[in-house]
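Undergrad: could you work out the structure for the sequence below:
(chains A and B)
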Amino acid sequence: KQEVTQIPAALSVPEGENLVLNCSFTDSAIYNLQWFRQDPGKGLTSLLLIQSSQREQTSGRLNASLDKSSGRSTLYIAASQPGDSATYLCAVSAAGNKLTFGGGTRVLVKP
Amino acid sequence: DAGVIQSPRHEVTEMGQEVTLRCKPISGHNSLFWYRQTMMRGLELLIYFNNNVPIDDSGMPEDRFSAKMPNASFSTLKIQPSEPRDSAVYFCASSFAGPTEAFFGQGTRLTVV
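TA: Prediction:
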C-alpha cells in the first residue's frame, strides 16, 4: 500500500528566505506527483504536476523535483512571501489517477 | 470554466439524518473523485468514477455511504444515516482520464451533531 510522508509537518521562516518542502513515497510505481496548496477552510489549489518520466517542473517562484527511484520529491519556493503561508500537500497518483496524499506541511512566512 | 463546484459549502445535521453532497465537475473531464479530509486521517479517496461509471469504491467506509453519477455533469455523495464520526470536509475533484492534473472543489464541511 502506498504511503506518502511529508516532513516537516510545520515550518516557520522569515520573509525572503527560500522554502524547501519534502515529500517521500514508498512505492515508486507512480504515474505522476502533484503538489497542492490549501489555505485554511479552503479547497486544494494545484501548484505543479510532475509526470513520472520528468525530473522537475517549474512555475514562477516554484520548482519541484522528482526522484522516482528513491521515492522523493522536493518543492522549492524562492524568496518566500507572507502570502505563501498555507499548507502544502503532495500527492502521488496510481492507476485511474487516484491520489494518495501526504499529511501536509504547514508553512508560516513571517513578515 | 468555473472549476469544480460543490454544494452546500457547509452542512450541519443531526445524527440519523440523511445528508446529500453535490458536485459538478469541470466540463469535459471524464474522471470524478470524492475525497474526505479529517484531522486524524488526512485526505482519503472514497470513490472514483470514469465516464460516469463507479470504478473503485474501496474507500467508502460503510454501507451508509453511497455515490452516484447520473450524468457527466453531476454527482452526489449520500450518507444515510449520518453519524458524528462522519464529520469532515468532503472534496470532489475531477480530471481527464489518465495521469493528468486533478482539480478540486472548495469542499463541503459536514458537521453531524
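Undergrad: use CA for all of it now, contacts and neighbours both
TA: OK.
Undergrad: residues in contact with the helix or strand where B:Thr111 lies?
TA: Element membership for B:Thr111 (DSSP states H and E) is strand B:108-112. Residues external to strand B:108-112 that are found in contact with it (CA atoms under 8 Å, 6 or more residues apart in numbering or on different chains): B:6-15, B:21, B:82-91.
Undergrad: can you list the low-confidence ranges for chain B?
TA: Counting by pLDDT under 70, chain B has low-confidence residues at B:1.
Undergrad: give me the residue at the spatial middle of it.
TA: Chain B has B:Trp34 as the residue nearest its centroid, 3.3 Å off, counting by CA atoms, centre = their mean.
Undergrad: tell me the contacts of the closest residue to chain A within chain B?
TA: With CA to the nearest CA, the shortest gap between chain B and chain A falls at B:Gln106, namely 4.1 Å. Contacts here follow CA under 8 Å, 6+ apart; on that basis B:Gln106 touches A:Lys42, A:Gly43, A:Leu44, B:Val4, B:Ile5, B:Gln6, B:Arg9, B:Phe91.
Undergrad: with A:Lys98 instead?
TA: Shown in contact with A:Lys98 (CA under 8 Å, 6+ apart): B:Phe33, B:Leu45, B:Tyr48.
Undergrad: what's the closest of those residues to B:Gly59?
TA: B:Leu45 (5.8 Å; CA to CA).
Undergrad: which parts of chain A sit against chain B?
TA: Contacts of chain A with chain B, taken as CA under 8 Å from any CA of the partner chain, map to A:31-32, A:34, A:42-46, A:49, A:51, A:93, A:95-103.
Undergrad: from B:Pro25, how far off is the nearest residue in space to A:Asp39 that is not next to it in sequence?
TA: Closest residue to A:Asp39 apart from its sequence neighbours, by CA to CA, 6 or more residues apart in numbering or on different chains: A:Ala86 at 5.1 Å. Distance of A:Ala86 to B:Pro25, given as CA to CA, to the nearest Å: 25 Å.
Undergrad: these two - which one has more neighbours?
TA: In this view A:Ala86 and B:Pro25 are compared by other CA atoms under 10 Å in any protein chain shown, and B:Pro25 has more residues nearby, 28 against 17.
Undergrad: check contacts around the nearest residue to that one once chain neighbours are set aside.
TA: Nearest residue to B:Pro25, sequence neighbours excluded (CA to CA, 6+ apart): B:Val4, at 4.7 Å. Neighbouring residues of B:Val4 by CA under 8 Å, 6+ apart: B:Cys23, B:Lys24, B:Pro25, B:Ile26, B:Cys92, B:Ala93, B:Ser94, B:Phe103, B:Phe104, B:Gly105, B:Gln106.
Undergrad: straight-line length of stretch A:66-86, end to end?
TA: Its first and final residues considered, stretch A:66-86 spans 22 Å by CA to CA.
Undergrad: contacting residues around that stretch?
TA: Residues outside stretch A:66-86 that contact it (CA under 8 Å, 6+ apart): A:14-28, A:30, A:33, A:35, A:37-40, A:50, A:52, A:54-56, A:61-65, A:106-111.
Undergrad: emit the ChimeraX select command for whichever of those residues are buried.
TA: In ChimeraX, a selection of the buried entries from the contacts of stretch A:66-86 looks like this (16 or more other CA atoms under 10 Å in any protein chain shown):
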select /A:15,19,21,22,23,24,25,27,28,30,33,35,37,38,50,52,56,63,64,65,106,107,108,109,110
